[in-house]
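Visitor: kindly generate the corresponding structure for this input.
(2 chains)
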Amino acid sequence: MQALNLPTRTVSPRGHRSLRERLARQGWIFSAPAFFIIAGITIFPILFSIFMSLNNISLTYSGFKFQWTGMSNYSLVWSNSLFQYALGFTIIYTLITVTVELILGMGVALVLHKLAYGRGFLLAILLLPWALITAISAEMWSFIYNGVYGVLNAVVMGLGLVNHLVIWLGTPVLAIASTMVADIWKTTPFVAIILFAGLQMISSEIFEAASIDGAGAWQTFWRITLPLLKPTLLVALLFRTLQAFGVFDLPFVLTGGGPGHATESLAILSYQVLFEDLSFGPGAAIATSTTLIVMAVAFVFLRVFRVQVGDSESSA
Amino acid sequence: METLNCKGAIELRTRHVMLLASGSLLLTATVSGFSPGGLVRSPAALKKPVTIVWYASPITDTGVRKTMIQAFERAHPKIRVHLNTAPTNTDTMRSTLTTAISGGATSPDIFMGDVIWPAQFGHNDLALPLSKYLPKSFWTRFAPGLVKGASYQGTVYGAPFFMDAGFLYYRKDLLTKAHLPVPKTWPQLVKEAKLLQKRKLVKFGYVWQGADYEGLTCDWMEVMTDAGGSVFNKNYSKVTIDSPQSVRALKFLRSLITSHISPAAETTFEEPQAMNVFDAGNAAFLRNWDYAWSNSNDPKDSKVVGKVGVAPLPTFPGQKRPGYSCIGGWDVYVNPHSKHLAQDLTFIKWITGRQAQTILATKFSEIPTNYAVQKDPAVQKLNPVLKTVHNVRLISRPSGSPVYPAVSQAIYSNLNAALAGTVSPAQALKAAERQIHAAVSKKGL
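Guide: Now for the predicted structure:
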């Protein structure tokens, strides 16, 4: 990357090209081992799962037996109501949790940024939910939500908000909301820390200049903090979206995808289809579809990202 | 400043694409056939003790497997058994096994597996067809119905290792106090539960398994069969779950919740949650498996030690008594790629034989599959569950279908929604029938 950014060097066009060629060749040689390892552990499985998704697969004594069926697994999957529901659930889950996490995370980051003392301590505490293994925190939340002995019921009943036990994970709407709350609790700190890092990188001179020019806090936030934080914000957004779209462990432990199929994400559905039903073709089609959707989302974000960086550059 | 951010962002971007690629396809990567290598032995090693690998979950007591292995190795000094511990979650265990065996792994040689696996494992060549290797005389040792349950299309794939069934546990002390008999029918259970609740003797009447998981299918099989319903017709050619009998059974289960005989949280109860309520002294009746006897009599976990009785499950009035009990338990299967077939079969013969099955019953109070041991008076007097098991009427889940997991999912997810009240019992059963039909005709996922 850096070597390619040396156009200022005064070499003849010919010499320049040969230097570039040499550097390029060296680059390839140095990166080849890494490339092959990455190819082995990512590209091969990707291609293989795409191949699987295009076949009718049966298990036999001598392993998988493939029978080419083209797109039929995809039409089976996309026309299936369980898949459609899981897709809808995953999209809504991602939209809501990521939005709330970004707003809360931003708030926490701004507070952290303003703090003069105790920042390290707070950061450490903040990291706890994020550092906990999701399966364990999900198990913890299932105790909190427990319909008979759960702490949450004790709290809401103690406050007089309800007068009967609430079955937090027993009905679809409540179960979805409860899962989202657990997710937000766990990942808001992550967003906060990324944004906090972004805030630290903004030069304090800019804020000083703003206050000298008489800008209020609100104005400073919208006109200075937010635009300058945009790249970081989008990194957090991208990270969280990709993670939320692949959500598996939290609903798997907390609700098992239930009640009914209410909290069944795409990842849980593909796990069930692949490993419980052993329908490898359709399962691979779900996995591949999910990957393609995530990639599309990622590319859209990256595009937006670049445009906005350009904007903030020209405006600055 | 911005340029700095911009550069960082570009680096992050490339890294992201890679992360994304590796992360989101992790699931499929596992399918591609990476498998733990098997133990390959040279012919020269045959004279030395042969080691076979047994993949088994900790059952209810982690000591069971080790005790078994020690006794086996004493009886067969030429064979060593290496224990590989499997996860306690049945589905996780199945994923691990299917991934390994479909990839051609020769290890484990033997694995413990759920009683509902034979069709799926037989259909997909994931288990050795044992009846082709063991004589007819071998299979007569098992209690009636068990071999059929371990078969798929006439071939036996698993050797029944220990069995389980649904039982009704009740509070002896409460029934005595209220001068009530042990209920023989569901309406009787409802009446007694209401009475005990009204007299403030107990918080809840009856706890069972109503969560969105396999356990609900078990509880369902019992009540549905009591009502005269079925999931399939006899030869699995027709889905029959959406029937008036089923509607009656499901309405009954839902009414337990609406009339507060069962807690509202019933729809999230698996075995441990129901067990906890009963152990805490908060329920008069409990539907659970064999282990609930020792669990409710363990002073460490239970406040009702010595106050618990066990009986076959009730049924609906006018039906043959007692009610149906769902068959649970575990079989022992052989990996079709195993290199130690002779030793595997020796192990299977031994572990289903008198000595092993007696250890299982006497030391660990598991229900033996060996009929002679099951009938042994010395075993029967050990605990009331072992005594009751003869009187229960068994029903197996519709696991003769190779797509059983999808069938069961269609049952428990729709039923769970009806129990929670989000759909009506009739709607839930219609949806279940539709989904089972789709699964069987390969039109489902």
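
Visitor: can you report how many residues neighbour whatever residue of the stretch 251-400 of chain B ends up closest to chain A?
Guide: The nearest approach of the stretch 251-400 of chain B to chain A comes at B:Ala265, 2.7 Å away (Cβ to the nearest Cβ). (Each C-beta comes from the backbone N, C-alpha and C, glycine too.) With neighbours defined by other Cβ atoms under 10 Å in any protein chain shown, the count for B:Ala265 comes to 28.

Visitor: do you know how far it is from B:Gly210?
Guide: For B:Ala265, the distance to B:Gly210 (Cβ to Cβ, to the nearest Å) stands at 9 Å.

Visitor: then B:Phe204?
Guide: 13 Å.

Visitor: can you tell me the closest non-neighbouring residue to the residue in the stretch 201-316 of chain A that chain B sits nearest to?
Guide: For the stretch 201-316 of chain A, the residue closest to chain B is A:Gly258, as judged by Cβ to the nearest Cβ, at 2.8 Å. In space, and not counting its chain neighbours, A:Gly258 is closest to B:Asp212: 2.8 Å by Cβ to Cβ, 6 or more residues apart in numbering or on different chains.

Visitor: and B:Thr315, by the same measure?
Guide: Leaving out its chain neighbours, the residue that sits closest to B:Thr315 by Cβ to Cβ, 6+ apart is B:Gly323, at 3.3 Å.

Visitor: what sits against that neighbour?
Guide: B:Trp186, B:Glu222, B:Val223, B:Asp226, B:Pro312, B:Leu313, B:Pro314, B:Thr315, B:Phe316, B:Arg393 (Cβ atoms under 8 Å, 6 or more residues apart in numbering or on different chains).

Visitor: returning to what we had before: okay, and the common contacts of B:Phe204 and B:Gly210?
Guide: Counting by Cβ under 8 Å, 6+ apart, the residues touching both B:Phe204 and B:Gly210 are B:Ser262.

Visitor: who has more neighbours, those two?
Guide: With neighbours defined as other Cβ under 10 Å, B:Phe204 and B:Gly210 compare such that B:Gly210 has more, 31 against 24.

Visitor: the more buried one and B:Cys218 touch, don't they?
Guide: No. Using Cβ atoms under 8 Å, B:Gly210 is not in contact with B:Cys218; the gap is 11.1 Å.

Visitor: hmm, back to that, how close does the residue of the stretch 201-316 of chain A closest to chain B get to A:Ser178?
Guide: As judged by Cβ to Cβ, A:Gly258 and A:Ser178 stand 12 Å apart.

Visitor: what's the nearest residue to residue 151 if we skip its chain neighbours?
Guide: Because you didn't say which chain, this covers chain A. A:Ile144 (5.1 Å).

Visitor: can you look at chain B instead?
Guide: B:Ser151 sits nearest to B:Pro118 (Cβ to Cβ, 6+ apart), 6.1 Å away.

Visitor: and what of B:Arg287?
Guide: Counting by Cβ to Cβ, 6+ apart, the residue nearest B:Arg287 is B:Trp208, at 4.1 Å.

Visitor: does the one you found touch B:Cys218 like I think?
Guide: No. Using Cβ under 8 Å, B:Trp208 is not in contact with B:Cys218, being 9.7 Å away.

Visitor: where does the residue in the stretch 1-150 of chain A that chain B sits nearest to land on pLDDT?
Guide: Residue nearest to chain B within the stretch 1-150 of chain A: A:Gly147 (2.7 Å; Cβ to the nearest Cβ). We have a pLDDT of 80 for A:Gly147.

Visitor: does it sit in a helix, a strand or a coil?
Guide: coil (DSSP: H, G, I helix; E, B strand; the rest coil).

Visitor: contacts only, for it.
Guide: Counting by Cβ under 8 Å, 6+ apart, the residues that A:Gly147 touches are A:Asn153, A:Leu165, A:Val166, A:Ile167, A:Trp168, A:Leu169, A:Gly170, B:Pro263, B:Ala264, B:Ala265, B:Thr268.

Visitor: can I assume the third one sits in a strand?
Guide: Looking back up the chat, that one is A:Val166. No. Using three-state DSSP, the assignment for A:Val166 is coil, not a strand.

Visitor: residues contacting it?
Guide: Counting by Cβ under 8 Å, 6+ apart, A:Val166 touches A:Gly147, A:Leu152, A:Asn153, A:Val156, A:Leu174.

Visitor: now, among those, which is nearest to B:Lys194?
Guide: Closest to B:Lys194 out of the contacts of A:Val166 is A:Gly147 (21.0 Å), distances taken as Cβ to Cβ.

Visitor: quick one on the thing from earlier: does the residue nearest to B:Ser151 touch B:Gly158 like I think?
Guide: Yes. Contact criterion Cβ under 8 Å: B:Pro118 and B:Gly158 qualify, at 5.4 Å.
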